[in-house]
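Participant: got a sequence here, can you model it:
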Amino acid sequence: MKQETFDRLRPRLQGIAYRMLGSMAEAEDVVQDAWLRWNDAAQDAFRSADAWLVTVTTRLAIDRLRAAKLQRAQYTGIWLPEPVLGDSPTTPEQLLEHVDDVSVAFLMMLERLAPEARAAFLLREVFDAEYDDVAQALGKSEDACRQIVHRAKTQLREGRQRFEVPRETHLRLLTSFAQALGQGDFSALNAMLAEDAELIGDGGGKVTSFPKPLLGGQRIAQLFYAAHLRFGAAVRVELAVINGEWALLRFIDGELESAQSYETDGNRIVRILVQRNPEKLARIAAAFGTG
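Facilitator: Numbers count the residues shown, from 1 in each chain. Here you go, the predicted structure:
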């Protein structure tokens with residue numbers, strides 16, 4: 001009975017933990033800890049299995065995120081979330097239940113929130129929890145949780161504007177960009193990038209990456225063109241669904257080199273988030289048989 005209940009709720013718990021931590025490995029650890037506590041708990045220790053498991057998972061994720069933030073303060077270069085490949089056997093089923101709120105850009109934006117604020121915002125705004133459930137999960141009053149969520153929404157609105165672009169438009173632009181990458185067409189690359197575009201990379205100190213964002217569409221186009229000149233036919237670019245959105249995977253000599261998430265305004269590319277840290281690419285690389 002306990003196993004069936006937990007299995008039913010696992011996708012939701014996994015979704016909460018991943019959105020809290022931006023790391024699949026850490027999310028799995030949190031959910032495993034939640035299972036151990038659930039398995040050891042007396043049946044009469046809770047009135048609602050759903051609320052109990054969400055509360056435990058949320059609190060475990062908050063504690064884990066507090067520790068992670070200290071570690072990320074010492075991270076080499078820019079920290080980006082671990083990308084999750086859509087339809088991958090290694091992806092917990094239904095993880096991307098709310099695909100609009102699991103994009104790499106969205107998870108990166110959530111990094112601006114303190115752990116409790118992040119939890120309250122996610123439970124209320126992404127997972128549609130009632131405020132009494134949010135209050136139970138955080139161990140605070142409903143009024144306090146309303147204030148936390150309100151402040152979190154205000155803080156996130158002050159961040160970078162996110163364009164609402166139809167999925168078909170995003171795919172069409174990204175397909176054209178992938179073709180230009182494959183052909184090494186500098187003019188086409190430059191034309192598809194906004195003048196004030198930015199590229200943010202995460203190498204984690206394991207591989208070379210920029211210590212700060214690379215600004216300017218022409219500079220970014222030159223970077224991609226230089227890679228074409230250096231590696232030539234050894235480069236292969238594939239379209240893939242990453243965190244619920246169309247993205248690009250770049251392979252060099254058959255090995256996964258990066259997972260690239262793109263933001264567009266519907267006409268041009270405005271931001272590229274490039275994950276190059278081999279540790280964070282390991283699951284995707286394994287899915288393609290290159291890890």
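Participant: the stretch 151-291 of the chain: helices as residue ranges?
Facilitator: Remark: helices assigned in the stretch 151-291 of the chain by DSSP state H, counting those that start in this stretch are 167-183, 186-192, 217-231, 278-287.
Participant: CA atoms of the third one as PDB?
Facilitator: When you say that, I think you mean helix 217-231. Listed next in PDB are the C-alpha coordinates belonging to helix 217-231 (Å, rounded to 0.1, in the frame of the first residue of the first chain):
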ATOM      1  CA  GLY A 217      25.200  38.700 -31.500                       C
ATOM      2  CA  GLN A 218      28.200  39.200 -33.800                       C
ATOM      3  CA  ARG A 219      30.700  38.000 -31.100                       C
ATOM      4  CA  ILE A 220      28.500  34.900 -30.500                       C
ATOM      5  CA  ALA A 221      28.300  34.200 -34.300                       C
ATOM      6  CA  GLN A 222      32.100  34.500 -34.500                       C
ATOM      7  CA  LEU A 223      32.500  32.000 -31.700                       C
ATOM      8  CA  PHE A 224      30.300  29.400 -33.500                       C
ATOM      9  CA  TYR A 225      32.100  30.100 -36.800                       C
ATOM     10  CA  ALA A 226      35.500  29.600 -35.100                       C
ATOM     11  CA  ALA A 227      34.300  26.200 -33.900                       C
ATOM     12  CA  HIS A 228      33.300  25.300 -37.400                       C
ATOM     13  CA  LEU A 229      36.700  26.300 -38.700                       C
ATOM     14  CA  ARG A 230      38.500  24.400 -36.000                       C
ATOM     15  CA  PHE A 231      36.500  21.200 -36.000                       C
END
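Participant: got the buried residues for that helix?
Facilitator: G217, I220, A221, L223, F224, Y225, A227, H228 (16 or more other CB atoms under 10 Å). All C-beta spots, glycine's among them, are computed from the backbone N, C-alpha and C.
Participant: how about the residue nearest to A68 when sequence neighbours are not counted, what does it touch?
Facilitator: Nearest non-adjacent residue to A68, counting by CB to CB, 6 or more residues apart in numbering: L21, 6.4 Å away. Applying CB atoms under 8 Å, 6 or more residues apart in numbering to L21 gives the contacts A27, V30, A61, R64, L65, A68.
Participant: switch to 10 Å and redo it
Facilitator: If a contact means CB atoms under 10 Å, 6 or more residues apart in numbering, then L21 has 27-30, 61-62, 64-65, 68, 81-82, 107, 115, 118 as its contacts.
Participant: what's the PyMOL line that selects buried ones from these?
Facilitator: For the buried members of these, the matching PyMOL selection, counting by 16+ other CB under 10 Å, is:
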select buried, resi 27+29+30+61+62+64+65+68+81+82+107+115+118
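Participant: and which of the contacts of L21 is nearest A240?
Facilitator: Distance to A240, by CB to CB, is smallest for E82 among the contacts of L21, at 14.7 Å.
Participant: in the protein, which spans are strands?
Facilitator: For the chain, strands defined by DSSP state E occupy the ranges 193-202, 214-215, 235-242, 245-252, 255-264, 269-275.
Participant: now the first one: average pLDDT?
Facilitator: Strand 193-202 shows a mean pLDDT of 97 in the predicted model.
Participant: and the third one, by the same measure?
Facilitator: Strand 235-242 shows a mean pLDDT of 95 in the predicted model.
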